[in-house]
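Visitor: I'll drop the sequence and a predicted model, then ask my questions.
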Amino acid sequence: MKLVPLGDRVVLKQLEAEETTKSGIVLPGNAQEKPQQAEVIAVGPGGVVDGNEVKMEVAIGDKVIYSKYAGTNVKLEDEEYIIVRQNDIVAKVEG
Amino acid sequence: MKLVPLGDRVVLKQLEAEETTKSGIVLPGNAQEKPQQAEVIAVGPGGVVDGNEVKMEVAIGDKVIYSKYAGTNVKLEDEEYIIVRQNDIVAKVEG
Amino acid sequence: MKLVPLGDRVVLKQLEAEETTKSGIVLPGNAQEKPQQAEVIAVGPGGVVDGNEVKMEVAIGDKVIYSKYAGTNVKLEDEEYIIVRQNDIVAKVEG
Amino acid sequence: MKLVPLGDRVVLKQLEAEETTKSGIVLPGNAQEKPQQAEVIAVGPGGVVDGNEVKMEVAIGDKVIYSKYAGTNVKLEDEEYIIVRQNDIVAKVEG
Amino acid sequence: MKLVPLGDRVVLKQLEAEETTKSGIVLPGNAQEKPQQAEVIAVGPGGVVDGNEVKMEVAIGDKVIYSKYAGTNVKLEDEEYIIVRQNDIVAKVEG
Amino acid sequence: MKLVPLGDRVVLKQLEAEETTKSGIVLPGNAQEKPQQAEVIAVGPGGVVDGNEVKMEVAIGDKVIYSKYAGTNVKLEDEEYIIVRQNDIVAKVEG
Amino acid sequence: MKLVPLGDRVVLKQLEAEETTKSGIVLPGNAQEKPQQAEVIAVGPGGVVDGNEVKMEVAIGDKVIYSKYAGTNVKLEDEEYIIVRQNDIVAKVEG
């Protein structure tokens, strides 16, 4: 059983606090905009979204920083996921 | 008697809590945005919506996660349905 | 004396509660968005609306579900009508 | 002395309550949106408005229902007028 | 010393209450939208504004009715002016 | 050390009250929109901004009236500047 | 480990108050809009963003003034960064 995102949606799995600390990232808790580090689990096909051609720039396995405004939280077989638009992903973390 | 959606509208039937639990999905109750698992009952023809060409990506029988912002609830012959725009569907659930 | 809608406007006549119950539809009363079953009385010519070509998809006599956000209520010769944009009609009811 | 509307503006003269009652129209008083019956007094030239080509669909003498959101009220030589965009006119009343 | 408006801006000089009364116009004081009669003092060149080609439709000396939402008030050598976008001018007064 | 504006940004230096009075301009203090007289210090290159081609219409040394909605205040080597979009400049003052 | 911005995003490192004072820039603390001086650490590829072609105008090492509306704060290996859209950068500081 898996999540298959539509359009420019991306399925993310948030990195645990422990992992986050180990990797040297601290996520500041901010009420207005909560930046988050997560791993890309599934990537939508892109294509025309709201009349604009969207090319997907992230791939499964990427570590990303996203800005959680309107992400949708889902729990599937005891795992929690966040589904965001690619535009809500602001950067990849590499190296 | 059946619902025939217009444009990019999709008619959904929410999966019962029991089914949801059996299928391993738990829907978190969130006041701002209520993600929902549902089954696709009918799909509009797509076409030009607000000046943009919309291609329908879901099919009858698909299990989907949608983000209920502006869905319209209807009760027809004792069955409850939700009518959403395709853009409010964030992912399919497969497998 | 009749109402001739402009652009993508559609003149609707709300189905009475009795009719609604007989036809098996129950309209949930929701303060934010009131879905409504109604019959199409007159249909605007469509054409270019706000710069987008709009093709009318409903016809006189159609039973429709609409989402009453900004409809205009009018009483003409003791009959009440609602004038909506076609985009506020989410589905037809057939069969 | 006369009002010459610009762009897609239309000059209306509201029908008096007496006239309205005689013609069988009752205008419900609604705080959010006040539908109004009026007669078209002058019609702007249309043309490109906010980047969209607007074709004028109403003519002097038409009886219309308009939705008064942002109309501008003017009193000229003891007559009161309302100047609206054509898009605020939802239907003509004919017959 | 003079004001040279940019883009689709128009410099207006409000007609005095006395003049207004003499010319038969009464300007209703409305907190939400204050319609105003004024004389056109200077007209911007038009051209592309926010991506749309704007053609100037008013000329110096025109008497106009404008809708004062976001006009900018300026006092230059003891004269007060209002600078509005042409789109805030709803009609000319002729005759 | 100097400020080099990007896109359609313009760096302004507000004229002092003394200068303003000498030049015959009085700037009304208005809480909603504070019109300001200023001198143009630097002009961005223009080009495509938010998908629209913007041609710069002001030049270094111009005296301008601007509408301070979202200007950014900066202090550089004891001089204060305001950086605005060209669209926030409503007129030049000439003569 | 490094941040690789997507689209028109730019990774900034805020200049310390000491540096700021040394360089002669004082950043006024303003609740509505906090202008900030920062150094560009990484620049996204640009390309089509929201349907508009964006060309990146800043380069690594540039000193910039940005307007912090919706920037995302991230802490990576004990360094704090701000990720903004290029459009939130109003000027470069040169010389």
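Guide: Right, received. Where do you want to start? Numbering: from 1, shown residues only, chains lettered A, B, ... in the order given.

Visitor: quick one: the residue minimising distance to the centre of chain A from chain B, how far?
Guide: In chain A, the residue lying closest to the centroid (Cα atoms, centre = their mean) is A:L12, at 3.8 Å. A:L12 is 12 Å from chain B, where distance means Cβ to the nearest Cβ, to the nearest Å. Yep, even glycine has a C-beta here, placed from its N, CA and C like the rest.

Visitor: Tell me, what's the model's pLDDT at that residue?
Guide: pLDDT recorded at A:L12 is 96.

Visitor: from the chain's centre, how far out does stretch A:38-51 sit?
Guide: Centroid separation between stretch A:38-51 and its chain, computed with Cα atoms, centre = their mean, to the nearest Å, is 10 Å.

Visitor: Okay, buried residues for that stretch please.
Guide: Within stretch A:38-51, the residues that qualify as buried are A:38-44, A:49, counting by 16 or more other Cβ atoms under 10 Å in any protein chain shown.

Visitor: Averaged over its residues, which helix or strand of chain A has the lowest pLDDT?
Guide: helix A:17-22 (a mean of 51; mean pLDDT, DSSP states H and E).

Visitor: quick one: contacts for the residue lying farthest from the centre of chain A?
Guide: No residue in chain A sits farther from the centre than A:G51, which is 22.6 Å out by Cα atoms, centre = their mean. Neighbouring residues of A:G51 by Cβ atoms under 8 Å, 6 or more residues apart in numbering or on different chains: B:51-53, G:51.

Visitor: give me the beta-bridge partners of the residue nearest to the centre of chain A?
Guide: Listed beta-bridge partners, A:L12: A:V40, A:I82 (assigned using DSSP bridges).

Visitor: which stretch of helix or strand covers A:A38?
Guide: Per DSSP states H and E: A:A38 is located in strand A:34-43.

Visitor: So what's the residue count around the closest residue to A:I41 other than its chain neighbours?
Guide: Distance criterion Cβ to Cβ, 6 or more residues apart in numbering or on different chains; nearest residue to A:I41, sequence neighbours excluded, is A:V11 at 4.4 Å. Counted with other Cβ atoms under 10 Å in any protein chain shown, residues neighbouring A:V11 total 26.

Visitor: does A:N87 count as helix, strand or coil?
Guide: helix (DSSP: H, G, I helix; E, B strand; the rest coil).

Visitor: If I follow the layout properly, it ends up in contact with G:G7?
Guide: Yes. Counting by Cβ atoms under 8 Å, G:G7 is a contact partner of A:N87 at 7.5 Å.

Visitor: pretty sure A:N52 contacts G:D50?
Guide: Yes. If you go by Cβ under 8 Å, A:N52 and G:D50 touch, sitting 6.3 Å apart.

Visitor: Find the closest residue to chain B in chain A.
Guide: A:G51 (3.5 Å; Cβ to the nearest Cβ).

Visitor: List the residues that contact the residue nearest to the centre of chain A.
Guide: A:36, A:38-41, A:64, A:66, A:71, A:81-84.

Visitor: Just send those back as a markdown table, with pLDDT too.
Guide: As requested, the contacts of A:L12 are exported to a markdown table (pLDDT from 0 to 100):
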| residue | pLDDT |
| --- | --- |
| A:Q36 | 74 |
| A:A38 | 94 |
| A:E39 | 96 |
| A:V40 | 98 |
| A:I41 | 97 |
| A:V64 | 96 |
| A:Y66 | 92 |
| A:G71 | 84 |
| A:Y81 | 93 |
| A:I82 | 93 |
| A:I83 | 94 |
| A:V84 | 94 |
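
Visitor: picking up where we left off before, tell me the spacing between the residue farthest from the centre of chain A and G:D50.
Guide: Distance from A:G51 to G:D50, counting by Cβ to Cβ, to the nearest Å: 10 Å.

Visitor: do the same with A:L15
Guide: Distance from A:L15 to G:D50, by Cβ to Cβ: 28 Å.

Visitor: For burial, what's the neighbour tally of A:I89?
Guide: A:I89, neighbours per other Cβ under 10 Å, totals 24.

Visitor: contacting residues around it?
Guide: By Cβ under 8 Å, 6+ apart, the neighbours of A:I89 are A:10, A:58, A:64-67, G:6.

Visitor: Identify the bridge partners of it.
Guide: A:Y66.

Visitor: same question, A:V48
Guide: A:E53.

Visitor: Does it touch A:V54 like I think?
Guide: Yes. If you go by Cβ under 8 Å, A:V48 and A:V54 touch, sitting 7.5 Å apart.

Visitor: quick check: angle from whichever strand or helix holds A:V93 to strand G:34-43?
Guide: Assigned by DSSP H and E, A:V93 belongs to strand A:89-94. Angle, strand A:89-94 to strand G:34-43, by axes from the mean of the first three to the mean of the last three Cα atoms, to 10 degrees: 50 degrees.

Visitor: what separates A:V11 from B:S67, distance-wise?
Guide: With Cβ to Cβ as the criterion, A:V11 and B:S67 are 14 Å apart.
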